[in-house]
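**Student:** okay, sequence plus prediction incoming.
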Amino acid sequence: MNAQLPRVLLATLALAATPLLAKQAAKPAPTKPAAAAPAPPAELAQLAYFEGNWKCSGTTFANPMGPEHATTGSVHGAKAVGGMWVHIAYDENKTAANPTPYHAGVYMGYDAAKKSFVSGCYDSFGGYCSQTSSGWNGDTMTFEGTSNADGKSMGAREGRRRAHPHRRVPGRGQEVDQGRRGNLPKRQVAAARASA
């Protein structure tokens, strides 16, 4: 019997220690505080001009989708995605002359590593673009890059004036790479801030 006593004693001690070991295992490991989200770059303040509500009117020029016609619409710009981007929504109004209105969404931000403004746009016809800008040059901010539609990629250049941020700079517009003319604007629209 004396030979069994150490085994029984060991088993008793193991059973008695089990709740203490379980308590130690249940303690959560100390956690590090979550990293704070990065602050928006100071350069984003230059895009604040595009925030707000705008009423637009202008002309959509003749193109493969239809004849030239007058256009009206609205623009709403606001900070988005944690304040790191400005989202601009452009919505044309449906009219007899414009039975298929154009709608577009644009995200504008700043790439601190490249020291340039960036813009991505997406429209209701399945088109999209990716452009960059060095920033304001006087009262004009010009974005250049690539536009894609109908399976085709083309160079794009778009200027926005501070007085009318949603109007393409006269004489400039989307460059169309179809072997004909460059700088052919698809539309020219003037915008005025809507009353609050």
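**Tutor:** Ah, there it is.
**Student:** what residues does stretch 120-136 touch?
**Tutor:** Contacts of stretch 120-136 with the rest of the structure, by CB atoms under 8 Å, 6 or more residues apart in numbering, involve 43, 46, 65, 101-107, 111, 114, 116-119, 141-150, 156, 158, 162. Just so you know, the C-beta spots here come from the backbone N, C-alpha and C atoms, and that holds for glycine as well.
**Student:** where does pLDDT dip in the chain?
**Tutor:** Under the criterion pLDDT under 70, the flagged ranges of the chain are 1-28, 163-187, 190, 195-196.
**Student:** now do the strands in it.
**Tutor:** With strands called from DSSP state E, the chain shows them at 52-60, 69-80, 85-92, 103-111, 116-123, 128-133, 136-137, 140-149, 152-161, 187-193.
**Student:** what is the residue nearest to the spatial centre of the chain paired to in the beta sheet?
**Tutor:** Among the residues of the chain, the smallest C-alpha distance to the mean C-alpha position (CA atoms, centre = their mean) belongs to residue 107, namely 2.7 Å. Using DSSP bridges, the bridge partners assigned to residue 107 are residue 87, residue 120.
**Student:** okay, residue 61 and residue 103: tell me how far apart.
**Tutor:** When distance is defined by CB to CB, to the nearest Å, residue 61 is 18 Å away from residue 103.
**Student:** could you dump the strands of the chain into TSV and include distance to residue 36?
**Tutor:** Shown next, in TSV, are the strands of the chain (distance: least, CB to CB, whole Å):
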stretch	distance to residue 36
strand 52-60	29
strand 69-80	18
strand 85-92	18
strand 103-111	19
strand 116-123	23
strand 128-133	28
strand 136-137	30
strand 140-149	30
strand 152-161	33
strand 187-193	34
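**Student:** and residue 100, what is it in contact with?
**Tutor:** With contacts taken as CB under 8 Å, 6+ apart, residue 100 has the following neighbours: 65, 66, 94.
**Student:** how about residue 94?
**Tutor:** When contacts are taken as CB under 8 Å, 6+ apart, residue 94 is in contact with 100, 101.
**Student:** now do the buried residues in stretch 100-113.
**Tutor:** Of the residues in stretch 100-113, those with enough neighbours to count as buried (16 or more other CB atoms under 10 Å) are 101, 102, 104, 106, 107, 108, 109, 110.
**Student:** my bad, should have said stretch 31-47
**Tutor:** 40, 44, 46, 47.
**Student:** closest one of those residues to residue 78?
**Tutor:** residue 47 (10.9 Å; CB to CB).
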